[in-house]
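[1] Got a predicted structure here, sequence first:
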Amino acid sequence: MGKGCVAVTKYFLFLFNLLFFVFGALILGFGLWVLLDNKSFIAVLQESSDTVKVASYILIGVGSLTMAMGFFGCIGSIYEVRCLLGLYFTCLLLILVAQITAGVLIYFQRDRLAYEMDSIIKTVIITYPNNRTTEHPLDYIQRTMKCCGFTGPGNWSENPVIKNSTKVQYSCSCRNTSLPGEVELAGLCTTLSPDPPVYETGCKTTIETWLKDNLGVILGICAAVAVVELLGMILSMCLCKNVGQEDYSKVPKY
């Protein structure tokens, strides 16, 4: 009966480690996407702040560590190597503590992050269209999310080209596609109307709405990862204990 429980625990732990290997690959891929992406909102943040690049390196490191931990956990569970199981448990505990700490820090720093993002986007708008690295991602975000500016289309009034122009100009990617007329994908457009045909919603509101709509999915994923980590810790501890007892029982008694 004891051997049967150990076998079940061993293969369940192998399954959890396989899941960890997949999670690590996903985290690694996301980190590489954040680092190498040049078409989305991430590229705008990278150009104006080193924090995103540092975060991408951290994600790559965590993903690589998780993959390695999953691999060694699989080896330790199948071959019942006690030292690998102990190392796996310790790394898993550290990762869980780090995740909780990061979540708490992000929660309490959310106002500061929103302020920094506001400053970054306004800087990008002011320098538009002189920086191709940031203007293309900004156009992509405004076009795909159907928004204009960060807090609203009024942000574009700070752009020197628009401010000093004798004509009514606006960001082409802000144009409301539901209105009649030609649609340009990027750059600054001119209109004869005193009111530019742009979206009235700022990208900040659109992003917040998206996060609220998908909050259940995000929390579900985080909870699933935490449950898998806790179960992995429990199974590794049980298997490590059983392996230790079996090793002790094999010692000859005199």
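    Thanks, I have the structure now. This is a predicted model, so every value here is computed, not measured. Residues are numbered from 1 along each chain as shown.
[2] Contact partners for Arg110?
    Arg110 makes contact with no residue, according to Cβ atoms under 8 Å, 6 or more residues apart in numbering. No exception for glycine: its C-beta is placed from N, CA and C like everyone else's.
[3] which outside residues touch stretch 177-184?
    146, 172-173, 175, 197.
[4] Apply 10 Å and report the result again.
    Defining contact as Cβ atoms under 10 Å, 6 or more residues apart in numbering, one finds that stretch 177-184 is touched by 139, 143, 146, 171-173, 175-176, 189, 191, 193, 197-199.
[5] my guess is Val22 meets Thr66, correct?
    Yes - at 9.4 Å, Val22 and Thr66 qualify as touching, with contact defined as Cβ atoms under 10 Å.
[6] Looking at these two, which is more packed in?
    Taking neighbours as other Cβ atoms under 10 Å, Val22 and Thr66 compare with Thr66 leading, 23 against 13.
[7] C-terminal to the lowest-mean-pLDDT helix or strand in the chain, what's the next element?
    In the chain, no helix or strand scores lower on mean pLDDT, DSSP states H and E than helix 41-48, which sits at a mean of 55. Counting by DSSP states H and E, the next helix or strand C-terminal to helix 41-48 is helix 51-79.
[8] Show me the helices in the chain, by range?
    2-36, 41-48, 51-79, 82-108, 110-127, 132-145, 160-163, 203-213, 215-249 (DSSP state H).
[9] For stretch 212-228, buried residues please.
    Neighbour counts over stretch 212-228 (16 or more other Cβ atoms under 10 Å) mark 225, 228 as buried.
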